[in-house]
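1. For reference, the sequence and a predicted model appear below.
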Amino acid sequence: MKSFAQHIECPECAGSLESSRVGHVCASCNSEFPIIGHVPWIQKEVSFQFEQWKAKFQLEQKIMQAEEAQIKAELSEPSILPSTRKRLNKLLQAKVEQRKSVLTLLEHLNLNLGGSSTREQVFRTKLPESIRLMGYGPNVFRDWAWESDENQTAVDLFRDTTGVASLQNQSVVTLGAGACRFAYDLHRQLGAGLSIASDINPFLLAVADRCIKGASCSLYEFPIAPINDDSVAVAHKLRAPQKNLADFYLLAADGINFPGKANSIDWVITPWFIDIIDLDSQVLAKRINRLLKPGGCWYNFGTLVFRSKNNAHNYGREEMREVLAANGFANMRESEKCVPYLDSAASAQKRSELVWSFCVSKVTEVQGADKPIDRTPSWLRQTNQAVPKMQELERDLMINQGYNLVVQQVDGVRSVEDIAQVVAGHFQLSPVESVAMVRQLFEILWNKTGTNQRY
């Protein structure tokens, strides 16, 4: 059994890590990195990150409870059809079982789930899929439940693009491994010497850990477009073809600042990753160059669906070729193939993606690769520092003041026109503009309540 620690360093100071009673400890700065739910967490500010995921999990549980309450309310309506009642009862049972299953799966997060969800939602913002706790739920079923060719297609694409049939004695790191099936299949089928599957999401890692260890893991799939009445909630028993692979490790780590030692990895693999992380690919390329041994390979596959606010970073293929060449990579092999993506047998929606794969080898070192990527300002790390004024805060303050002004006028007596008169005077709007604005706001709030409307 090989140790992954020989390839990992302290993300705080780049010191060497040693095993400890909690997990791993840095020999230089004494930072501790725990094992949580059988998975090592090795990332900067690990305690803070852990608390963030606990909060997300707590909110997820509250949302699930709210969904159950809504279905119960819908079932209380005497006018619903018998077939509708049957469907809702099935959906409610599945939702309750799902919440309990997720709670058991992530019991290592040690949550106190008492109280209401109000506190958690006060500071809640819309999160991108990559950092929501259960934002990639369908990927879990694709990886460990569905009987489709999707997983094997990914392995075959790796073989075809790279021309590699064996990874024997090679070290492989997969960044953004998700529920980890692709990293698992590469290790199992191509015989990698050592594999590290890394992701930041504890839900995805917990599912992978259960499946690979051969433990019980049952979850419900809720298709957006069920193919029939029975498919509104589909129970799955998640399992791996082979359990307890030797020299295969899961790691909770930041893919952008992966805590790997310089020049220590043979392969870095990024599946559906580079366009998700909102980072200039030139910076990412430098970091991957640093990880790889001379002659080591970077394999990437997925689509280029960049959504950066900086349009210059929304690279196309030709630009990515330039990025790679400018950051120490050469000997490029590439391919494209239209493949099914999250193709559930229970869903009426079918999706395919034109996947672009490339494999490049490291031929030169690049300057600036040793510097960690820090997108967190000092006043957030040093929480006793002053918070600077920001245009975004001032804009949001104006929006919130307007919202609060309208909501504070609601007393069960005032009409839309009455409230609009107050708003018009405050914001110097015409009566027509003010009524339209207030009415639009109330329409949004009304639709959010989900109140049953009778026609």
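-> Thanks, I have the structure now.

2. Does Asn404 lie in a helix or a strand, and which?
-> Per DSSP states H and E: Asn404 is located in helix 391-408.

3. If you count neighbours, what's buried in that helix?
-> Along helix 391-408, these residues count as buried under the neighbour rule (16 or more other CB atoms under 10 Å): 402, 406. For every residue, glycine as well, the C-beta is placed using N, CA and C.

4. the inter-axis angle of the helix or strand just after that helix versus helix 391-408?
-> On the C-terminal side of helix 391-408, the nearest following helix or strand under DSSP H and E is helix 416-427. If you take axes from the mean of the first three to the mean of the last three CA atoms, to 10 degrees, helix 416-427 sits at 140 degrees to helix 391-408.

5. Restricting to C-alpha, output helix 416-427 in PDB.
-> Taking Å, rounded to 0.1, in the frame of the first residue of the first chain, the C-alpha atoms of helix 416-427 are listed here in PDB:
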ATOM      1  CA  VAL A 416     -50.800  48.800  -3.900                       C
ATOM      2  CA  GLU A 417     -51.700  52.400  -4.900                       C
ATOM      3  CA  ASP A 418     -51.300  53.500  -1.200                       C
ATOM      4  CA  ILE A 419     -47.900  52.000  -0.900                       C
ATOM      5  CA  ALA A 420     -46.900  53.300  -4.400                       C
ATOM      6  CA  GLN A 421     -47.600  56.900  -3.200                       C
ATOM      7  CA  VAL A 422     -45.000  56.500  -0.400                       C
ATOM      8  CA  VAL A 423     -42.500  54.900  -2.800                       C
ATOM      9  CA  ALA A 424     -43.100  57.700  -5.400                       C
ATOM     10  CA  GLY A 425     -42.200  60.400  -2.900                       C
ATOM     11  CA  HIS A 426     -39.100  58.600  -1.700                       C
ATOM     12  CA  PHE A 427     -37.600  57.800  -5.100                       C
END
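
6. Just give me how far it sits from the chain centre.
-> Helix 416-427 has its average C-alpha position 42 Å from the chain's average C-alpha position, going by CA atoms, centre = their mean, to the nearest Å.

7. need the next SSE after the helix or strand where Ile63 lies, C-terminal direction.
-> Secondary structure assignment for Ile63, by DSSP H and E: helix 46-75. The helix or strand immediately downstream of helix 46-75 is helix 82-105, counting by DSSP H and E.

8. State the separation between the helix holding Asn404 and the centre of the chain it belongs to.
-> Relative to its parent chain, helix 391-408 has a centroid offset of 30 Å by CA atoms, centre = their mean.

9. Enumerate the strands of the protein by residue range, in sequence order.
-> Across the chain, reading from the start of the chain, the strands by DSSP state E fall at 17-19, 23-26, 32-36, 39-40, 171-175, 194-199, 218-221, 234-237, 248-252, 265-271, 292-302, 329-340, 352-362.

10. Make JSON lines out of the ones you listed and add distance to Val46.
-> Listed next are these as JSON lines, based on distance: least, CB to CB, whole Å:
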{"stretch": "strand 17-19", "distance to Val46": "12"}
{"stretch": "strand 23-26", "distance to Val46": "9"}
{"stretch": "strand 32-36", "distance to Val46": "6"}
{"stretch": "strand 39-40", "distance to Val46": "10"}
{"stretch": "strand 171-175", "distance to Val46": "18"}
{"stretch": "strand 194-199", "distance to Val46": "14"}
{"stretch": "strand 218-221", "distance to Val46": "27"}
{"stretch": "strand 234-237", "distance to Val46": "32"}
{"stretch": "strand 248-252", "distance to Val46": "9"}
{"stretch": "strand 265-271", "distance to Val46": "22"}
{"stretch": "strand 292-302", "distance to Val46": "25"}
{"stretch": "strand 329-340", "distance to Val46": "31"}
{"stretch": "strand 352-362", "distance to Val46": "29"}
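
11. so which of those comes closest to Arg375?
-> Taking CB to CB as the criterion, strand 171-175 is the member of the strands of the chain that comes nearest to Arg375, at 16.5 Å.

12. Extract the residue ranges of the stretch 301-450 of the chain that are flagged as low pLDDT.
-> Low-confidence segments of the stretch 301-450 of the chain (pLDDT under 70): 449-450.

13. Would you mind getting the angle between the helix holding Ile63 and strand 32-36?
-> Going by the same axes, to 10 degrees, helix 46-75 makes 30 degrees with strand 32-36.

14. For helix 46-75, buried residues please.
-> 46, 49-50, 53-65, 67-68, 71, 74.

15. mind listing the helices for the stretch 101-250 of the chain?
-> Listed in chain order, the helices of the stretch 101-250 of the chain (DSSP state H, counting those that start in this stretch) span residues 118-122, 137-144, 150-162, 181-190, 202-213.

16. Please tabulate those helices in JSON lines and include mean pLDDT, mean neighbour count and distance to Gly260 as additional columns.
-> Putting the helices of the stretch 101-250 of the chain into JSON lines (pLDDT from 0 to 100; neighbours: other CB atoms under 10 Å; distance: least, CB to CB, whole Å) gives the following:
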{"stretch": "helix 118-122", "mean pLDDT": "47", "mean neighbour count": "11", "distance to Gly260": "34"}
{"stretch": "helix 137-144", "mean pLDDT": "94", "mean neighbour count": "22", "distance to Gly260": "24"}
{"stretch": "helix 150-162", "mean pLDDT": "97", "mean neighbour count": "17", "distance to Gly260": "20"}
{"stretch": "helix 181-190", "mean pLDDT": "97", "mean neighbour count": "22", "distance to Gly260": "15"}
{"stretch": "helix 202-213", "mean pLDDT": "95", "mean neighbour count": "23", "distance to Gly260": "17"}
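
17. I'm done for today, thanks for sticking with me.
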